[in-house]
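[1] here's a sequence, model it:
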Amino acid sequence: MSTDPSSIDDVSITAQRPALAMTRDDRLSENFSVDYDDLYQALRQATVMMVDDEPTTIDVLQAFLETEGYQRFITTSESIRAMDLVASENPDVLLLDLQMPKVTGFEILTRLRRDQRYRHMPVIVLTSATDSETKLKALQLGASDFLAKPVDPDQLEGLVARFPATAITSAKRPAIH
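    Coordinates of the predicted model:
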C-alpha cells in the first residue's frame, strides 16, 4: 500500500527509550524539579561584597539590595582591604568600583583573575566613566558585567541575581524533588 506524501498534513512520532537504555542523567532529569521559593531564598542568602571609595554609594547599593531581600553584605570603602576581605569572607558576588585611590578596581580585578580561587567569581564593575575604553578594559580583565553610576536599582538586582550557581554555593541549596 502506498501513501501519497502530499496527503499527509502533520505527522508526529514520539518514541520513548526503554528505562534500561536511559543514562543516569536522563533518569534524574525525569524527576527533577526546583522549588522556586527555596531557590529565591537561597539566592537572597548570597553574600554580596561591595568595594567603593564613596561610603554613600555603598549605603545606597546595600539599601537597594536589602529591598530585594538580600541580607548578607561585606563592604569597604578602602580598596586596599579588598583582596584580604575576599580571601577571608569568600563572597558570592563582588560589586567593584573602578576609580578609587591607592588600589584601583582594575588592579583588584586583575589580582582576582590571576588567583585560581577567584578566577570565576562574578565581578560587577561599577563606575561613573562613560567611555567605551573603560568598559572594554574592564571586560577584557574579566569583569562579569558592567553597571554605570548612578545605578538603576532594577539593573543592579537583575545583575546580582544573574549569577545563581555561584550565589547558591554559600547559601542553602534548593530542594530537589
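
[2] which stretches of the chain have low pLDDT?
    Residues of the chain meeting the criterion pLDDT under 70: 1-43, 163-177.

[3] just the strands in this structure please.
    Counting by DSSP state E, residue ranges of the strands within the chain are 47-51, 72-76, 93-97, 123-127, 145-148.

[4] export these to TSV and tack on distance to L109 and mean neighbour count?
    For the C-beta atoms, the positions are set from N, CA and C on the backbone; glycine is no exception. Output for those, formatted as TSV (distance: least, C-beta to C-beta, whole Å; neighbours: other C-beta atoms under 10 Å):
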stretch	distance to L109	mean neighbour count
strand 47-51	10	23
strand 72-76	15	16
strand 93-97	7	25
strand 123-127	6	24
strand 145-148	11	17
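
[5] got a markdown table for those strands, with distance to E133 too?
    A markdown table is the format used below for those (distance: least, C-beta to C-beta, whole Å):
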| stretch | distance to E133 |
| --- | --- |
| strand 47-51 | 22 |
| strand 72-76 | 27 |
| strand 93-97 | 17 |
| strand 123-127 | 12 |
| strand 145-148 | 12 |
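
[6] and those: which comes nearest Q116?
    strand 123-127 (15.3 Å; C-beta to C-beta).

[7] contact partners of that closest one?
    By C-beta atoms under 8 Å, 6 or more residues apart in numbering, the residues outside strand 123-127 that reach it are 52, 57, 61, 93-99, 105, 109, 112, 134, 138, 142-149, 151, 159-160.

[8] now do that strand and strand 93-97, the angle between them.
    Angle between the axes of strand 123-127 and strand 93-97 is 20 degrees (criterion: axes from the mean of the first three to the mean of the last three C-alpha atoms, to 10 degrees).

[9] convert strand 123-127 to CSV, retaining C-alpha atoms only.
    The C-alpha coordinates for strand 123-127 follow below in CSV (Å, rounded to 0.1, in the frame of the first residue of the first chain):
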residue,chain,number,x,y,z
VAL,A,123,32.5,40.7,39.5
ILE,A,124,30.1,43.5,38.5
VAL,A,125,32.1,46.7,37.8
LEU,A,126,30.6,50.0,38.9
THR,A,127,31.8,53.3,37.5
